[in-house]
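Visitor: Just need the structure, nothing else, for what follows:
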Amino acid sequence: MIIIEPQEGENLEKMLRRYKRKFDRLGIAREVRNRMYYIPKSVQRRERIKRAAYRQKLQQLQQG
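Guide: Model prediction:
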């Protein structure tokens, strides 16, 4: 559970913004989405390798 303590003189909008940032940083929504269905470890590993290759390709294009 995420708890946001109000700071002195802080309005509701600012508190809500802090809550959303904290929620995103903790990765709760991402984890819930990932747990919605089972993905075998082999498929997860394959996806990670594909993403890494893509990032590497983009990096090479930016450098050269």
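Visitor: quick one: contacts of the helix or strand hosting residue 25?
Guide: Assigned by DSSP states H and E, residue 25 falls within helix 12-26. Contacts of helix 12-26 with the rest of the structure, by Cβ atoms under 8 Å, 6 or more residues apart in numbering, involve 2, 4, 6, 29. Just so you know, the C-beta spots here come from the backbone N, C-alpha and C atoms, and that holds for glycine as well.
Visitor: Skip ahead from it and say which helix or strand is next.
Guide: Going down the chain from helix 12-26, the next helix or strand is helix 28-34, by DSSP H and E.
Visitor: residues of that next one that come out buried?
Guide: Within helix 28-34, no residue counts as buried by 16 or more other Cβ atoms under 10 Å.
Visitor: can you give me the offset of that helix from its chain's centre?
Guide: Here helix 28-34 is found 9 Å from its chain centre; the criterion is Cα atoms, centre = their mean, to the nearest Å.
Visitor: Grab the CA positions of it and hand them over as CSV.
Guide: Extracted C-alpha coordinates of helix 28-34, given in CSV (Å, rounded to 0.1, in the frame of the first residue of the first chain):
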residue,chain,number,x,y,z
ILE,A,28,2.8,-1.8,-9.5
ALA,A,29,0.7,-1.4,-12.7
ARG,A,30,3.4,-3.1,-14.8
GLU,A,31,3.5,-6.1,-12.4
VAL,A,32,-0.3,-6.4,-12.4
ARG,A,33,-0.3,-6.4,-16.2
ASN,A,34,2.4,-9.1,-16.3
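Visitor: which helices and strands sit right next to that helix?
Guide: Contacts defined by 3 or more Cβ pairs under 8 Å, 6 or more residues apart in numbering; DSSP states H and E place helix 28-34 against no helix or strand at all.
Visitor: Could you give the average pLDDT over that helix?
Guide: Throughout helix 28-34, pLDDT has a mean value of 89.
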